[in-house]
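Enquirer: show me the folded form of this:
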Amino acid sequence: ERAAAHPRPSAALQRFGQAFGPAAAMAGIALALTVAVPLTFLTLVALVAYGPWMGFACVMVGAVVSAGISYGVGRALGREVIERMAGPRINQISRKLAKSGLMAVIAVRLVPIAPFALINMVAGASHIRLRDLLLGTAIGMAPGSLAMAFFVDQIAAALREPSAVTYALLGLVVLLIGVGGWAMQRWLRNSE
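Expert: Coordinates of the predicted model:
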């Protein structure tokens, strides 16, 4: 009775996904990432709305398209404007992207150290090739997105009914992200 009065958010997302279709989702994800909506949130929404495999495809295509758009914005704005917008730390990322190309993009996608769109704009304003950005985005995003696709049902259940295990896993994820960010900073410092 209560479930009928308050439909589950996952059911509403699935209805929304069916109403608009995967192509609209890909375009929406591309636009949302370009204006700096968090990738993890969009990934979870797409996985719940479209299921693990179609959701994964929507996220990957949308992210690669967004990377290309943001790269073009960065190229058009130029290095000086991007540095003013992003601050002095972005210089390290810019130098590493320009120096290591594909491998650097894969690394920043595996361990997100800055917003998705900002990394793409920095890449556009640096000397990195568009091909390296797009390929690195796809390769670097795949493991995390696949892991979320594989565990989407467990993630949704944990969000509906959090438990001590949920909080412990959340703490572990935060710790791993922190360690990954620290490792990325060391890598950037040591490569200079």
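Enquirer: show me the contacts for the spatially closest residue to residue 123 that is not a sequence neighbour.
Expert: Ranked by C-beta to C-beta, 6 or more residues apart in numbering and with sequence neighbours excluded, the top spatial neighbour of residue 123 is residue 133, at 4.8 Å. All C-beta atoms are positioned from the backbone trio N, CA, C, and that covers glycine. Counting by C-beta atoms under 8 Å, 6 or more residues apart in numbering, residue 133 makes contact with 67, 68, 71, 105, 120, 123, 124.
Enquirer: with residue 109 instead?
Expert: Contacts of residue 109 by C-beta under 8 Å, 6+ apart are 136, 137, 139, 140, 141.
Enquirer: ok, of the residues you listed, which one's closest to residue 54?
Expert: For those, the closest approach to residue 54 (C-beta to C-beta) belongs to residue 141, at 16.2 Å.
Enquirer: next one: phi and psi at that closest one?
Expert: As for residue 141, its main-chain torsions (degrees, to the nearest 10) stand at phi -80, psi -30.
Enquirer: doesn't residue 61 make contact with it?
Expert: No: with contact defined as C-beta atoms under 8 Å, residue 141 and residue 61 do not form a contacting pair (11.0 Å).
Enquirer: quick one, which of those two is more surrounded?
Expert: Per other C-beta atoms under 10 Å, whichever of residue 141 and residue 61 has more neighbours is residue 141, with 23 against 18.
Enquirer: ok, the more buried one - contacts?
Expert: 39, 59, 60, 63, 109.
Enquirer: just give me the residue closest to the centre of the protein.
Expert: By C-alpha atoms, centre = their mean, the chain has its centre lying nearest to residue 39, at 3.4 Å.
Enquirer: now do the helices in the protein.
Expert: 2-5, 9-34, 39-50, 52-77, 79-86, 90-100, 102-110, 116-125, 130-150, 152-160, 164-190 (DSSP state H).
Enquirer: rewinding a little: make TSV out of the contacts of residue 109 and add distance to residue 148 and pLDDT.
Expert: What follows is those, written out as TSV (distance: C-beta to C-beta, whole Å; pLDDT from 0 to 100):
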residue	distance to residue 148	pLDDT
136	19	93
137	16	94
139	16	93
140	14	90
141	10	91
